[in-house]
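Novice: Next come a sequence and a model predicted from it.
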Amino acid sequence: MQGFFDGFGLITRSVSDGTMRLRVGGDGPPLLLLHGNPQTHAMWHEVAPVLARSHTVICPDLRGYGGSFKPAPSSDHGPYAKRAMARDMIELMTDLGHRRFSVLSHDRGARVAHRLALDFPDQVERLVVMDIIPTIEHFERTDMAFALGYYHWFWFAQPHPFPEQLINATPDLWWYAHTRREPKGPEFFYPAALADYLTAAREPATISGMCEDYRAATTIDLVDDRESREQGKRIQCPLLVLWGAKGKIETWYDPLAVWRNYASGSVDGRSVNSGHYLAEEAPEEVLAAVLPFLT
């Protein structure tokens, strides 16, 4: 067990649309870490200190999550388009002095990273995505298994403020239920990380931001994804795909075959002996796969 972000500074930086919270540590080639739902940058607490031995590691909270800015819900969900969230990352990394960088990403953060690699191919050097396939593929392949297994995709996307009202009534109860897609003991999440997750979940603006993230996925993100596919836009950089062997991705899909339809460069990957939360459940395996890929 590493210390909780030993050697990292907790700072804020402004982008065009608001202020972002992030941790920065280490020295070497820049590496951007993008978290998933319903978490914050704290999900990287096990792997970030190790990666910081060889890289400058930047761990922000995505817009709508954690300590970063949270645009209000809107009719077109544009503030939560993955294209807008990707621009945040370009602005943030540029402000920190990094024009070109690699990305390690999980869950919702991996969807931002996918769009980042499509829209800014000259700036993403290498990309790791964990426990996802492209959003458009999920929706186009939807069947009963997906609808039941990932029911929250459809619930969170219901019109504002219905899902928010239900979640805000009992945010802790919701959070624990939502993060148990595979069985977990009460001590699964590291206390300091758990405290950060729950602090965010108890803030109504976080819940609205999260739901808007999913509403964007069903609307504006699909428009952008279809346009990119029609234009033949693919990931240009080397891509590493990891997924949890105890989760649903390899049950429902052939992840590498799917991703090879979205990438022009090399695509490699494998399962990790974990559920959905790879970086917290199997950090050693994640590092064993990621470090050789990055170096």
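Specialist: Okay, I see it. For clarity, every value in this text was computed on a predicted model and none was experimentally measured.
Novice: gap between residue 109 and residue 166?
Specialist: Distance of residue 109 to residue 166, computed by CB to CB, to the nearest Å: 25 Å. No exception for glycine: its C-beta is placed from N, CA and C like everyone else's.
Novice: ugh, wrong one, residue 209
Specialist: Distance of residue 209 to residue 166, given as CB to CB: 16 Å.
Novice: between the two, which one's more packed in?
Specialist: A side-by-side neighbour count of residue 209 and residue 166, using other CB atoms under 10 Å, places residue 209 first with 25 against 13.
Novice: Any stretches of the stretch 51-200 of the chain with poor pLDDT?
Specialist: Across the stretch 51-200 of the chain, nothing is flagged by pLDDT under 70.
Novice: can you give me the strands in it?
Specialist: With DSSP state E, counting those that start in this stretch, the ranges of strands along the stretch 51-200 of the chain come out as 56-60, 101-106, 124-130.
Novice: Ok, which of those strands comes nearest residue 185?
Specialist: In terms of CB to CB, the element of the strands of the stretch 51-200 of the chain nearest to residue 185 is strand 101-106, at 20.8 Å.
Novice: circling back to that earlier point, so can I have CSV of the strands of the stretch 51-200 of the chain showing distance to residue 255 and mean neighbour count?
Specialist: Converted to CSV, these look like this (distance: least, CB to CB, whole Å; neighbours: other CB atoms under 10 Å):
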stretch, distance to residue 255, mean neighbour count
strand 56-60, 24, 26
strand 101-106, 14, 25
strand 124-130, 9, 24
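Novice: Relative to residue 286, which of these is closest?
Specialist: strand 124-130 (7.5 Å).
Novice: That closest one: partners in the sheet, and parallel or antiparallel?
Specialist: The strands that strand 124-130 pairs with in its sheet are strand 101-106 (parallel), strand 239-244 (parallel) (by DSSP bridges).
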